[in-house]
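S.K.: The following block contains a protein sequence and its predicted model.
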Amino acid sequence: MGFGKVGSEVARRAKGLGMHVIAHDPYAAADRARAVGVDLVSFDGAISAADFISLHMPLTPTTDKVFNDVSFGKMKKGVRIINVARGGVIDEEALVRALDSGIVAQAALDVFTKEPPVDNKLVQHEKVIVTPHLGASTIEAQEGVAIEIAEAVAGALMGELSATAVNAPMVSAEVLSELAPYVSLAESLGRLAVQLVAGVSGVKSVKVIYASARAADDLDTRLLRAMITKGIIEPISDTIVNLVNADFIAKQRGLRIIEEKVPHDGSPQEPLESIQVQLAHVESKFASALSEGGDIIVEGKVKDGIPHLTKVGAYSVDVSLEGSLILCRQVDQPGMIGKVGSILGSQNVNVNFMSVGRTAPRRRAIMAIGVDDEPTKETLQRIGEVPAIEEFVYLKF
């Protein structure tokens, strides 16, 4: 579970032992998995088919206690679980129950929700093997760190990308000041786009289109590209992305970023008119975000110093990228704004902005609703049950 650097190495070794290996990682590239001889499957497909489950996922809001009573109930009886990733991805009380019932035959752990573990039932459980999470404390690890530092310095002196440099490429104070609101826009568009991805295809190709009245060589996009990379990668990993390591991290994860600058009739006083982010060849949990070519498209611009979302798929919207966002595809008919607004208001969820974009009157429309508070699952379910709403998605920035 998790097909990053460590997960893929474990898969290679398991294949060497003659195992049939499947993996779940919604952001892994399918062709990269195939190169190792691994099939990417859904979360439920992985846990229901596996005899051994090895965890290599980051702890994020999405993965927090993702292994709980419900997921254990979908596993084969007698499954074995190894967790050397993050303690919080497993509900420890649920794991104790699964061990006692025989669903989980054995567990091997070196991470816990609270470390060091104190009065933890798992440590004393007869079916659990625990080891200390030494991390970089061993002699071998210290030697490895020393070698890595030496190689990083040598590589940097030869002009190679470095993942560990603390100094960023030179960007003038004037450029930083001018691009400040667009930096926030770029990161928000990246975060929005990756949250729209569904399935197991993974993000492999990103296209960024900058519309500007300036000449192409008068627009430094390194910082914007780094922030888009940050927005795409950080929500689904525990990697910190910045201007220095953005290109390196993208290359390491097999993420190809293409930039295009298109002319726009406007004042060159403003560096950019808009930024559009396209994720190619992916499935989307919100079908209306897809173009005819099957790419997720989101676009935004800065208005009065505030980032705004202005386009989702083929639909034009206008909503500030503050707080969180609910997107609804609906039949265009009277009363829809009132119905959804009433549901949110009844649950004390404050709406800060609302916009509706449509293809034609009385046909389909997208309603974009900015909210200050996180709606409960029940509130979102009530929105989804409104008859004229065909699909919706809740997104965080």
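M.R.: Perfect, thanks for sending it.

S.K.: CA only for contacts and neighbour counts going forward, please
M.R.: OK.

S.K.: Could you list the low-confidence segments of the stretch 201-350 of the chain?
M.R.: Residues of the stretch 201-350 of the chain meeting the criterion pLDDT under 70: 201.

S.K.: Would you map the strands across the stretch 51-200 of the chain?
M.R.: For the stretch 51-200 of the chain, applying DSSP state E, counting those that start in this stretch gives strands covering 52-55, 79-83, 104-109, 128-130, 197-198.

S.K.: closest one to Met19 among those?
M.R.: Met19 lies closest to strand 52-55 among those, at 10.0 Å (C-alpha to C-alpha).

S.K.: Check what contacts the closest one and list those residues.
M.R.: Met1, Gly2, Gly7, Ile47, Val79, Arg80, Ile81, Ile82, Asn83, Val84, Ala85 (C-alpha atoms under 8 Å, 6 or more residues apart in numbering).

S.K.: For it, what is the distance to the chain centroid?
M.R.: The chain centroid and the centroid of strand 52-55 are separated by 22 Å, computed with C-alpha atoms, centre = their mean, to the nearest Å.

S.K.: next one: stretch 27-45
M.R.: On the basis of C-alpha atoms, centre = their mean, stretch 27-45 sits 17 Å off its chain's mean C-alpha point.

S.K.: swap in stretch 71-81?
M.R.: In terms of C-alpha atoms, centre = their mean, the centre of stretch 71-81 is found 26 Å from the chain centre.

S.K.: how far does it stretch from start to finish?
M.R.: This stretch, stretch 71-81, spans 13 Å end to end (C-alpha to C-alpha, to the nearest Å).

S.K.: on that earlier part again, which stretch in the strands of the stretch 51-200 of the chain has the least confidence?
M.R.: When the strands of the stretch 51-200 of the chain are ranked by mean pLDDT, strand 197-198 comes last with a mean of 90.

S.K.: Pull up the pairing partners for that one, direction included.
M.R.: Strand 197-198 has these partner strands in its sheet, going by DSSP bridges: strand 283-284 (antiparallel).

S.K.: and the partner strand, how far from the chain's centre?
M.R.: When C-alpha coordinates are averaged (C-alpha atoms, centre = their mean), strand 283-284 and its chain have centres 13 Å apart.

S.K.: Are we agreed that Gly2 is in a helix?
M.R.: No: read with DSSP: H, G, I helix; E, B strand; the rest coil, Gly2 is coil and lies in no helix.

S.K.: Buried residues, the lengthiest helix in the chain. List them.
M.R.: Looking across the chain with DSSP state H, the single longest helix is helix 173-195. Buried positions in helix 173-195, judged by neighbour count with 16 or more other C-alpha atoms under 10 Å: 179, 181-195.

S.K.: now swap in stretch 97-104 and tell me
M.R.: Ala98, Leu99, Ile103, Val104.
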